[in-house]
Structures are given as structure tokens and as C-alpha cells.
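A.B. asks: attaching a predicted model along with its sequence, questions to come.
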Amino acid sequence: MKREYKVLITETLQKTVIVEAENEQEAHRRISDAWKNSEYILDADSFQGVEFHVMGEAGEDETGKDVERVERKGGDLVE
């Protein structure tokens, strides 16, 4: 008999940018502000990996089983 399962999918996008700033805090603030203003858009080209977590059967509480499967850019599998 087939059952329904809850699976959490988490994708990771990354992009490195260069910013001029007086210190690390200012660099963080400037990039954060620019990102919030859509000056940096992370898309499929920024993809670095995906994680799949089987949380348990549908209808169970969140303390169910957590089975992890992680795939990195290029399709490499890490378990």
C-alpha cells in the first residue's frame, strides 16, 4: 500500500560580488541593500546544490524521520 510522505526541498544559489566599502559591516550593508533593491538576481546560473529531506509520513508531526539526500552542482550526490 502506497503512503504519502512530506519531503522538504532546499535549493542553494550563490553569487560572489565585489563592493567598495570602508569596512566589512558597510560592505555587508551595501550588498544587502542592493540585493533587496533587486540589483543582484540569483538565477539558474547561480545554482550550487539541492537538498531533499524526507520528514516523515504526511499527517505526522515534525518529529518524524529525517532522511537526507543532497545533490551538488553537476549532479554529484552526497548522502
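C.D. replies: All right, it came through fine. Numbers count the residues shown, from 1 in each chain.
A.B. asks: any stretches of this structure with poor pLDDT?
C.D. replies: 61-68, 70-79 (pLDDT under 70).
A.B. asks: try 80 this time
C.D. replies: Within the chain, the ranges that satisfy pLDDT under 80 run 60-79.
A.B. asks: break down it into its helices, ranges please.
C.D. replies: 24-36 (DSSP state H).
A.B. asks: show me which strand runs longest in it.
C.D. replies: strand 47-57 (DSSP state E).
A.B. asks: could you say what helices and strands that strand packs with?
C.D. replies: The contact analysis (3 or more CB pairs under 8 Å, 6 or more residues apart in numbering; DSSP states H and E) places strand 47-57 against strand 5-13, strand 67-72. Every C-beta, even on glycine, is put in place using the N, C-alpha and C of the backbone.
A.B. asks: F47 versus the most centrally placed residue in the chain, what's the distance?
C.D. replies: Centroid check for the chain by CA atoms, centre = their mean gives T12 as the closest residue, at 3.1 Å. Using CB to CB, to the nearest Å, T12 is found at 8 Å from F47.
A.B. asks: same check on N37?
C.D. replies: Note on N37: its distance to F47, by CB to CB, is 23 Å.
A.B. asks: more neighbours: which of the two?
C.D. replies: F47 (15 against 8; other CB atoms under 10 Å).
A.B. asks: E22 is in contact with R30, correct?
C.D. replies: No. Using CB atoms under 8 Å, R30 makes no contact with E22, being 10.0 Å away.
A.B. asks: those two: which is more packed in?
C.D. replies: Using other CB under 10 Å, the more surrounded residue of R30 and E22 is R30, with 15 against 8.
A.B. asks: so E11 is in contact with F52, correct?
C.D. replies: No. With contact defined as CB under 8 Å, E11 does not reach F52; the gap is 10.4 Å.
A.B. asks: pretty sure E57 is touching V7, no?
C.D. replies: No. Judged on CB under 8 Å, E57 makes no contact with V7 at a distance of 11.0 Å.
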